[in-house]
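Participant: What would the 3D arrangement of this be:
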Amino acid sequence: MISLLLRLFLPRGYSFDEPKIRTRCGRLSGIVGILCNFLLFAGKLAIGILSGSVAITADGVNNLTDASGSVVTLLGFHFAGKPADKEHPYGHARAEYLSGLMVSLLILLMGFETLKSTVDKILHPSPVSFSPALVVVLVLSVLVKLWLCRFNRKIGRAIDSAALMATATDSRNDAISTAAILLTSVLQAVCPVSLDGFVGLAVALLILWSGVGVAKNTMDLLLGTGPDEALKTALSQVITDHENVLGYHDLLVHDYGPGRRFASIHVEMDVREDPMVCHDIIDSIERTCLEKLGVHLSIHYDPVVVGDPVVDEMRALIADHVRQMDAHASIHDFRMVAGPTHTNLIFDVSIPFRLRDQKERLAQSIDQLVKSRNTRYYTVITFDETNL
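Facilitator: Numbers count the residues shown, from 1 in each chain. Prediction:
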């Protein structure tokens with residue numbers, strides 16, 4: 001069914017990496033969610049009124065709320081698909097993150113409402129109505145919600161969408177909540193003990209827990225996070241494919257929404273290389289990153305001295321010492337500037353975030369090593385916390 005919908009809604013030969021396809025997938029998810037939830041709402045409302053079941057009617061109202069969540073998803077992808085303009089030169093793709101955050105807030109709202117009603121049920125237990133119609137409607141609702149969860153999760157993973165993954169989580173929570181109503185109805189029909197409130201409490205806590213997780217994921221995307229390991233590996237592969245590149249450092253990634261990532265990095269090359277050749281290599285790397293990874297990469301060219309015995313020896317000595325202090329630390333932009341009275345060893349030290357408060361200790365250790373080799377050597381160290 002999911003594959004059929006994708007074939008009907010998407011053009012032939014589509015690729016999930018295309019921005020237009022991403023927008024179409026978001027719209028498809030929103031439309032399917034609105035239709036399914038509204039049909040569930042109408043069916044439960046009709047049967048609830050006819051059978052006098054408050055449980056079915058309440059669950060139907062919850063489906064109407066879910067339909068509003070699908071409207072949020074639909075609008076989020078609509079605005080995210082708008083092109084860049086004068087006021088928003090980086091596009092509107094973060095609107096998708098906002099829709100995911102709003103869905104997470106709906107999940108939390110549902111969790112709090114469920115928690116409130118279950119506490120009342122525990123304090124004031126009341127019998128749950130049971131009828132064949134109730135069983136049929138609730139089983140159908142669980143199946144539809146599980147299908148919606150699988151539908152949104154499959155598309156969400158295909159286009160790497162936090163908003164659709166949040167919608168999938170919401171559908172899963174609805175399926176669990178409805179299954180809990182069905183379970184307590186069946187149990188209370190054969191057992192005089194009221195379990196409705198306690199089962200509902202467990203469901204409410206699960207919904208709240210998942211809501212917090214979804215909210216955290218979308219908030220991380222909005223606030224900005226470092227590049228993930230997959231992106232770092234892919235960038236590293238593209239950059240090191242060129243044998244002229246001696247090293248790279250200081251990766252910065254700015255995420256303005258799916259498909260709108262901008263990055264900068266420093267690339268080291270032999271100072272003896274023709275600058276025009278280096279410029280051509282940098283242009284090639286930047287084009288490849290945009291074509292293969294969808295990342296707008298800007299490269300800063302760092303010429304380094306290679307082949308000078310003194311420079312090579314001191315660079316290797318300091319690099320080895322820094323690695324011994326921490327396996328994840330490294331040096332770059334190393335150069336020696338000689339003067340009439342002393343020689344400055346100028347370089348950057350990249351350290352992991354956990355060492356940010358130990359810069360002074362690290363600098364003293366490196367300076368002592370350098371002075372042990374030559375008292376005329378002075379270190380000029382710049383520390384940075386890098387993602388690579």
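
Participant: Going along the chain, name the helices of the stretch 101-250 of the chain.
Facilitator: 132-159, 162-190, 196-223, 229-240 (DSSP state H, counting those that start in this stretch).

Participant: residues in contact with the last one?
Facilitator: The set of residues external to helix 229-240 that reach it, using C-beta atoms under 8 Å, 6 or more residues apart in numbering, is 227, 245, 248, 251, 253, 263, 265, 267, 285, 288-289, 292-293, 295, 297, 387-388. Just so you know, the C-beta spots here come from the backbone N, C-alpha and C atoms, and that holds for glycine as well.

Participant: ok so, going back, ranking the helices of the stretch 101-250 of the chain by burial, who's on top?
Facilitator: Across the helices of the stretch 101-250 of the chain, averaging neighbours per residue (mean count of other C-beta atoms under 10 Å) puts helix 162-190 on top, at a mean of 22.

Participant: if we can go back for a sec, which PyMOL command selects the buried ones in the contacts of helix 229-240?
Facilitator: Selection of buried members from the contacts of helix 229-240 for PyMOL, criterion 16 or more other C-beta atoms under 10 Å:
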select buried, resi 227+245+248+251+253+263+265+267+285+288+289+293+295+297+387+388
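
Participant: I'd like to know which of the contacts of helix 229-240 are part of strands.
Facilitator: Among the contacts of helix 229-240, DSSP state E puts 245, 248, 251, 253, 263, 265, 267, 295, 297 in strands.

Participant: Tell me where the chain is predicted with low confidence.
Facilitator: Across the chain, the ranges flagged by pLDDT under 70 are 17, 48, 51-59, 61, 125-131, 188-189, 191-197, 199-200, 386-388.

Participant: those helices in the stretch 251-388 of the chain, which residues are they?
Facilitator: According to DSSP H, counting those that start in this stretch, the helices that the stretch 251-388 of the chain contains are 275-288, 309-325, 359-373.

Participant: export those to TSV and tack on distance to residue 15?
Facilitator: Formatted as TSV, those follow (distance: least, C-beta to C-beta, whole Å):
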stretch	distance to residue 15
helix 275-288	18
helix 309-325	42
helix 359-373	46
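
Participant: Look up how far residue 78 lies from the residue nearest to residue 252 when sequence neighbours are not counted.
Facilitator: The shortest distance from residue 252 to any non-neighbouring residue, by C-beta to C-beta, 6 or more residues apart in numbering, is to residue 264 (4.9 Å). Taking C-beta to C-beta, to the nearest Å as the measure, residue 264 falls 31 Å from residue 78.

Participant: Equivalent analysis for residue 152, please.
Facilitator: From residue 152 to residue 78 the distance is 17 Å (C-beta to C-beta).

Participant: Likewise for residue 359?
Facilitator: When residue 359 is compared with residue 78 (using C-beta to C-beta), they lie 47 Å apart.

Participant: tell me the SS of residue 14?
Facilitator: coil (DSSP: H, G, I helix; E, B strand; the rest coil).

Participant: how many other residues sit next to it?
Facilitator: 15 (other C-beta atoms under 10 Å).

Participant: same thing with residue 89?
Facilitator: So residue 89, with other C-beta under 10 Å, has 8 neighbours.

Participant: what do you get for residue 241?
Facilitator: Neighbour tally, residue 241, other C-beta under 10 Å: 11.

Participant: where's residue 319 relative to residue 71, distance?
Facilitator: Distance from residue 319 to residue 71, by C-beta to C-beta: 56 Å.

Participant: thought residue 76 was touching residue 94?
Facilitator: No. Counting by C-beta atoms under 8 Å, residue 76 sits too far from residue 94 to count as a contact (9.7 Å).

Participant: need the contact list for the residue lying closest to residue 158 once chain neighbours are set aside.
Facilitator: Spatial nearest neighbour of residue 158, excluding adjacent residues (C-beta to C-beta, 6+ apart): residue 16 at 4.7 Å. Neighbouring residues of residue 16 by C-beta under 8 Å, 6+ apart: 22, 25, 158, 159.

Participant: Would you format those as TSV with distance to residue 234 included?
Facilitator: Shown next, in TSV, are those (distance: C-beta to C-beta, whole Å):
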residue	distance to residue 234
22	19
25	23
158	18
159	17
